[in-house]
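Colleague: Give me coordinates for this.
(5 chains)
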Amino acid sequence: MSKKKLATVWLGGCSGCHMSLLDIDERILDVAKLADIVKSPVVDGKEFPEVDIALVEGSVTSDEHHREILHIRKHCKTLIAFGDCAVMTNVTGMRNYFDLKDVFETSYVHAISNDHIGLVPDHPSLLKLNDKVVPLQEVVKVDFVIPGCPPDADTIFYVLFEFLNDRIPNLSEAKKLKYG
Amino acid sequence: MDKRKIFISPVTRIEGHANITIELDDNGNVSDALFHVNEFRGFEKFCEGRMYTEMPTITPRICGICPTSHTLASVKACEMIQGLRPTYTANLLRRLMHIGQNLSSHALSFFHLSSPDFLMGYDSDPAKRNILGMAEKFPDIAVRGIRLRKFGQELSERITGKKIHIMGIVPGGMAYPLTEENRKALLKWIPEALETVHLGINIIKKFHEENAEMVNTFATSPTLYLGTVGPGGEHELYDGKLRFMDGDGIILQDQLDPTRYLEFIAERSVNWSYLKYPYFKPYGFDRGFYRVGPLARLNVCSRMKTPQAQEEFEKFKHMSGGKPVHGTFYYHYTRLIEALSDVEDAERILKDPEVTSLNIQHHGRWNYTEGIGSSEAPRGTLFHHYKTDETGKLLKVNLLIATGQNNPSMNRSVLEVARQYVKGDDIKEGMLNRVESTIRCYDPCLSCSTHALGQMPMVIEVKDKKGNLVKRVERN
Amino acid sequence: MTATHHTHHHPAHAHELSKTDPRVKLIAAKMKKEGYKPDALIEILHTAQNAFGFLPKEVLDFIAKELRLPPSRVYSTVTFYHFFSLKSKGEHTCLVCTGTACYVKGAQALLNKIESQFALKPGQVTADNKLGVQVARCIGACGLAPAVVIDNDVHGKVTEEAVINSINEKIGNI
Amino acid sequence: MNRHELQAIVEKAKDKHKQMKHKICVCCGAGCISSGSEEVLKKLQDEIKTRGLDKEIEVVPSGCMGPCNQGPLVKHLPENTIYQHVNCENLDRIIQSQIVEGKPIEDMLLFADSREKPFVNASEDPFFKKQLKIALKDCGDINPEEIEDYFAVGGYQALDKALFRMSPEEVISEVKQSRIRGRGGAGYPTGLKWETVYKYVSPQKYVICNGDEGDPGAFMDRSVLEGNPHRIIEGMTIAGYAIGASKGFAYIRGEYPLAIKRFEQAIKQATKHGLLGKNILGSEFSFEMEVRIGAGAFVCGEETALIASIEGKRGTPKPRPPFPAESGLWGKPTLINNVESFAAIAPIIQNDGEWYSETGTAKSAGTKVFALAGKINYSGLIEVPMGTTLREVVFEIGGGIQGGGEFKAAQTGGPSGGCIPAEHLDVKMDYESLTSLGSIMGSGGLIVMDQSSDMVDVARFFMEFCMDESCGKCVPCRVGTKMMHDLLQKIYDGKASQIDLDRLEELAVYVKETSLCGLGGSAPNPLLSTLRHFRQEYESKILKEA
Amino acid sequence: MNKISVTIDEKKFDVEPQKTILEVCRENGIEILTMCHLKGIIDIGACRLCLVEVEGINKLLSACTTKVAPNMSIKTTTDRIKRYQRITTELFFAERNHVCAVCVSNGKCELQNLGYKVELDHIRYPHLFPQCEVDTSHPWYVMDHNRCIMCTRCVRVCNEVEGAHNWDVMNRGHQVRIISDFNTPWGQSTTCTSCGKCLHACPTGAIWPKAIVQGQLEKNPVMVTELVERRKMKL
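Modeller: Okay, the predicted model is just below:
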């Protein structure tokens, strides 16, 4: 069996899921036996290559994320929504209850520690935030989800290991379903 | 005027939340560099209207790497509102958890992300230049690094049952006591952890020796520094007072209560970044940039709290004759000195007989409508500031994040590198690596700002005013 | 485009209730006639709304106390029915039927026209309280679609211009 | 007043009518009033008086005549000549020519502007020819505000018959025999319902008339309540006698002030004549009646919600069982029927059940009133035998599509119903046939649509209605309707994918099967039926690639 | 009392008449999912989780409001029922702002547990993200409408058990909200006795005590049931 190609991606989230991924500790070496991590915030890599499995953390919050997730979808076989933000927007989506303009102004114009120059960033090189944060499944087809904020390392390892061994994991059966 | 712009961005920007624009003047000289941070989630807005006691649960979600620091700053702000102090034991447990987080973050930064560069070299195969590549080539070091991080995470887990986004820290103390069994299990880690940290120190020292020129010329402009110190000026992460120091080592402010942060820190919104630019208020925006984090903490503090760390600290101080060290590259070294201190301190606390006491929480109601808390995240000082109505509903939330405070300096470092390496259309080789290394030195907290972990895939495009591509340079 | 959902805002111009107010007397008489039965709440609310044009909080308070009903029970009933309004509907009202027949025959265009002319969305009242615009789910005049009710008069088979003219006439806006 | 005294009054009323040479009815249904019929009436009355004709010519306001969009309408009896678009200016012509000279005015006759040859006797016009009026009988011919007018056409004779010549069991058996089914929409056999309530033993039972006609696009109940309120009172009282109830409530929409006014007036008149109250017509039977005014909630058309509303509460439905027949208003056995059902009771009793069952189809007996509206030439109120085809209704009665457009679909049953596409124009309008096409009979709203109607928008429109009218108690309806509405909007806006459409369909079936009450249970109907018949309209709006 | 025979999931049981399907199932160890049912207060059949199939009846019936009848044949776990339970749960999550991660009841929440039971790993329908108030005006308790699922257990407990009727429901459709008095702040209520029963009845983190943070919440809905039972015994 040839080694699988694995990518981990981070969109609008807190990186906690990636940290939880690292919490599989030494078991990452077991993963390494079955897969090359070809693209991840924690390894080098230039372009997003063709991969077998992509673990995507975070919600889609901007035009850039939107393009990214479409790109990823095209270049991966199995797309896994990784963590509550990717699955159901979670804390990242909490700004959805408000008008984006208000959210911006609260931080950039009215914050207590701001000096007299209050302006909302709008440089053309900045990515444009979408009005509403959406989970991955609102934009692309998702093949598997791992909820949790963050998912337990054990859960992550279980899912990865099953996929790497060409089995479909079942969180309910494995009693690993968890949100929050 | 033919003002041209250089736009640096990760190729596909698949992972990048940051990019850079370099502006050139008429003569093709670099006039400015804009460091764009693309992360914004609006915590300050959506926390408004909620109960302040929820903040210790919401704010760790700002960042998955330093959640405990956020919880601590948050819970301290809550305690100020309640007019409450945690119990002695609770303070011990909090310290332990905070140490755990600092340790795992530093371990991640050094062993997972930076050591491949140091041990395999910048020119090695990028595909192997990561922790997995390390595991193949230097399995012992890789596993040790992983295990050091694991120890840090386990400190949180054994105290609260969770490694990330812990939930046991409550106003007035802790929700769960430490069991004797867990205390013993944690103590077992100490010897191994000490060895690993020393191993790391040796690696970085060796690299320093072999690359002295690069290390010592690397983004070395002096800035101000901010860090938390104990009552005797000693190094402190969890609970202390602030000290501002200038580039010459003169203490500008000392034993400053964090609740007075507004007198000394202001932030400016800039249109090119979602990260605001904080500065030392008395010096104003132009002169007031300061740095935080391990380098800053070691620059400002008078001594370390533990013997082995103190020994290493003295060597560090010796390098610049007691003055602040400005070289951005020294962030790595100072990080490891802190890790050393963390392991030693953890041992001290775990041996304190009170650590397993059941006296873990003071109860109280709230007395005030304003609370400010601060703590030292791995990447620097952070502040939480809440204002509530008389029922406890949050009216205003202000969060000053560690990486935010390094932001102006990061931008300046980028500008320095750009000035050194760019002249008109002529972009010197190494520009990309330099920019990337600069940013990585600060180890910007992933979620607070960018994801500049690993090698940032980059291109530089020089465009003329009309947006036509003049030149394009890719890494390698 | 939604129906007139009442928000929880209380009327800005609250009324002081006076027992000698003929409108209050009317409500009191109705309650007496119904034997202060809680069952008659809706009937009494109808009377109160007819008297006041809407249901000020003080009136609800008065009714709740007299019928010995919990305030939340009264408020929950009031907000359930679209007929009841917690705020003034305006001195003059224009109610646009959005029943199926009217919808098919252009009720939405009427609403758009009204919005562009008076800057009023359904459920809103002008700042001077002169005019309020509402929608109804069907006023049962489907044969005359599209239909509007201006004050209490049904106008059938209306055009956009005709509605605007009628409204202007009512509010003396000519 | 006992039955003999009543008979005397009835005879007197009949006599009075016989003396009159002509009767002129000015339609004062809500439609014609809004076209200005009240002024016409007043002027006509004044004019007749001025000319000293009031001894032989009776001028009365009447209920709805049917072709509402031709109003104001004036009907001349006994010739049954109807004039359309009558106003104070052209009224003189009618008086002069029709009344004084006895010559019909061709260019003012009903449908004069669209028919080549309008009919002097309106009942020969295709609009009326296919109709059969049982529920609407006398509606439009009598003055709804005068009980004597109702007496003159045989009013309250059925009550008299039931009270004095029939046992409650016999009344129920007659209703069962008629095979009439609930006209509120669900089509539950009325006789069976009566029998169930009858069987529950209780010292107190109630009769409720459901006049909370909330369907957008329906105004049948309104017309009956406004045009012939005594017919309903009579029907309800007979029902009360049959099931053993002593109190009735007529729950009427607050949006129908005229119906409320006339009904309350009718109750007063009936009470005065001993037709309501203690020992009706001298019998052992006592029955009181009250009007309850609806306050604007479609869900109150649902039985249990309506009961809650009469009890002065939020109109939220309760799970059934227990059914109102067992535990209804204030926990007592309660009979709830729709206005139109009650309207048919008196004729059924007066003739007999079999007579009624001869009309209509095998499973759907009698007639049905429809409110015809939309893109159709002659809209208004019609009553046809069950089993009349949609084509007959639209093209013969309704005169085809307005502006020469093409028939696309007819929507029946309002927000609980569905759309019938052109290929099913020959469907027989009865309960089973409509249900088999994914629509329902409903209370009788019939909206005709031409090519300009977007079926996705139509589904969205009805879903918005259901979303706004959901009481919010059960999850499927509260959240499901909102979710379906948002998905429909997304499709309509061209932003949806195939996944969204699949989700929508799944939700629709779920909401239909799991909702607590009929509102939620039928809310997906317009969506499901448009999906069934016009799926291509949905698919054409779906994004090809997601 | 004469027992009657019913079949539940193809097993025969002799049960007391006058009991609901839900009671009978629970007594016999058959799990019925529900959110709006709380033993001791009147059932309203609103959450639609307890729907069961009864042979010979077209419609699905709510187990909490339907009484057993002789020879009734009941099915509680058909594919259809399971599918609908899952959708209902999804709709609960999508309706308001349930952010388990930061919720005070995380780990001890009936809604979260329901999700696990119906094996819900993600919500297929878009979240509605309504803007909801957090009412902190009461000196001890918080009412967070973001986490309310409109089970109205608080309303019923307050009315039926405490007799205060502080709570009720306003508006309709998806705009329904729990209200105190005239939709006035809870802290200003003229009817609330601060008894805390609503807090224990609340299945989610909508009503919670101010003094605690995530991980410390202890809710005890059974307390309400026991209270009612004890009162009945005294009578």
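Colleague: contacts and neighbour counts: CA atoms only from here.
Modeller: OK.
Colleague: Check whether stretch B:270-286 comes near chain A.
Modeller: Yes - Stretch B:270-286 comes into contact with chain A when judged by CA under 8 Å from any CA of the partner chain, the residues involved being B:270-274, B:276.
Colleague: between those residues, which is closest to chain D?
Modeller: Comparing the residues of stretch B:270-286 next to chain A against chain D with CA to the nearest CA picks out residue B:274 as the nearest, at 29.6 Å.
Colleague: what's the distance between the closest residue in space to residue C:97 that isn't next to it in sequence and residue D:263?
Modeller: Using CA to CA, 6 or more residues apart in numbering or on different chains and skipping the chain neighbours, the partner closest in space to residue C:97 is residue C:136 (4.8 Å). Separation of residue C:136 from residue D:263 (CA to CA, to the nearest Å): 23 Å.
Colleague: quick one, which of these two is more surrounded?
Modeller: With neighbours defined as other CA atoms under 10 Å in any protein chain shown, residue C:136 and residue D:263 compare such that residue D:263 has more, 26 against 21.
Colleague: Could you check the helix or strand the more buried one falls within and say which residues are buried?
Modeller: In this structure, residue D:263 sits in helix D:257-272 according to DSSP states H and E. Residues of helix D:257-272 classed as buried by neighbour count (16 or more other CA atoms under 10 Å in any protein chain shown): D:258-260, D:262-271.
Colleague: Give me the contact list for it.
Modeller: Outside helix D:257-272, the residues that touch it by CA atoms under 8 Å, 6 or more residues apart in numbering or on different chains are D:30, D:144-147, D:222, D:225-226, D:229-230, D:233, D:252, D:254, D:276-277, D:289-291, D:293.
Colleague: Are there helices or strands packed against the helix or strand of chain A with the lowest mean pLDDT, and which ones?
Modeller: Least confident helix or strand of chain A, by mean pLDDT, DSSP states H and E, is strand A:35-39 with a mean of 85. In terms of contacts (3 or more CA pairs under 8 Å, 6 or more residues apart in numbering or on different chains; DSSP states H and E), strand A:35-39 is packed against strand A:4-10.
Colleague: Tell me the helices and strands packed up against the strand it packs on.
Modeller: Judged by 3+ CA pairs under 8 Å, 6+ apart, strand A:4-10 is in contact with strand A:35-39, strand A:51-57.
Colleague: how about the ones you listed in CSV, adding distance to residue C:18 and mean neighbour count?
Modeller: CSV is the format used below for the helices and strands packed on strand A:4-10 (distance: least, CA to CA, whole Å; neighbours: other CA atoms under 10 Å in any protein chain shown):
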stretch, distance to residue C:18, mean neighbour count
strand A:35-39, 75, 22
strand A:51-57, 63, 24
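Colleague: any chance of those in a markdown table, plus distance to residue A:25?
Modeller: Putting the helices and strands packed on strand A:4-10 into a markdown table (distance: least, CA to CA, whole Å) gives the following:
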| stretch | distance to residue A:25 |
| --- | --- |
| strand A:35-39 | 15 |
| strand A:51-57 | 17 |
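Colleague: For residue D:116, which of those strands is the nearest?
Modeller: strand A:51-57 (72.9 Å; CA to CA).
Colleague: Quick one: check the closest one for contact with chain E.
Modeller: No - using CA under 8 Å from any CA, strand A:51-57 stays clear of chain E, coming no nearer than 14.4 Å.
Colleague: Off-centre distance for the very next helix or strand once past that strand?
Modeller: Sequence-wise, the next helix or strand downstream of strand A:51-57 (DSSP H and E) is strand A:60-62. Centroid separation for strand A:60-62 versus its chain: 11 Å, with CA atoms, centre = their mean, to the nearest Å.
Colleague: Any idea how far apart the tips of stretch A:161-177 sit?
Modeller: The first residue of stretch A:161-177 is 16 Å away from its last residue (CA to CA).
Colleague: ugh, wrong one, I meant stretch D:199-207
Modeller: End-to-end distance of stretch D:199-207 (CA to CA): 14 Å.
Colleague: for the record, mean pLDDT for it?
Modeller: On average, the pLDDT along stretch D:199-207 is 96.
Colleague: Equivalent analysis for stretch B:118-129, please.
Modeller: On average, stretch B:118-129 scores 75.
Colleague: same thing with stretch B:337-344?
Modeller: What stretch B:337-344 shows for mean pLDDT is 97.
Colleague: Could you list the buried residues of it?
Modeller: B:337-344.
Colleague: do stretch D:185-193 as well
Modeller: Buried positions in stretch D:185-193, judged by neighbour count with 16+ other CA under 10 Å: D:185, D:187, D:189-193.
Colleague: Then stretch C:145-158?
Modeller: For stretch C:145-158, burial by neighbour count (16+ other CA under 10 Å) applies to C:145-151, C:154-158.
Colleague: farthest-separated two in those residues?
Modeller: C:145 and C:151 (17.7 Å).
Colleague: Sketch out the low-pLDDT regions of chain B for me.
Modeller: By pLDDT under 70, the weakly predicted segments of chain B are B:1-19, B:37-39, B:122-123, B:126-127, B:424-434, B:436-437, B:440-476.
Colleague: ok, which residues in it are in contact with chain C?
Modeller: Residues of chain B lying close to chain C (CA under 8 Å from any CA): none.
Colleague: Spatially nearest residue to the residue most central in space within chain B (excluding sequence neighbours)?
Modeller: Centroid-nearest residue in chain B, with CA atoms, centre = their mean: residue B:379, separated by 0.9 Å. The spatially closest residue to residue B:379, leaving aside those adjacent along the chain, is residue B:293, at 4.3 Å (CA to CA, 6+ apart).
Colleague: which stretches of the chain have low pLDDT?
Modeller: If you meant another chain, say so; for now it's chain A. Residue ranges of chain A with pLDDT under 70: A:1, A:42-47.
Colleague: right idea, wrong chain: chain E
Modeller: Counting by pLDDT under 70, chain E shows low-confidence ranges at E:1.
Colleague: Just the closest residue of it to chain A, please.
Modeller: Counting by CA to the nearest CA, chain E gets nearest chain A through residue E:101, at 3.4 Å.
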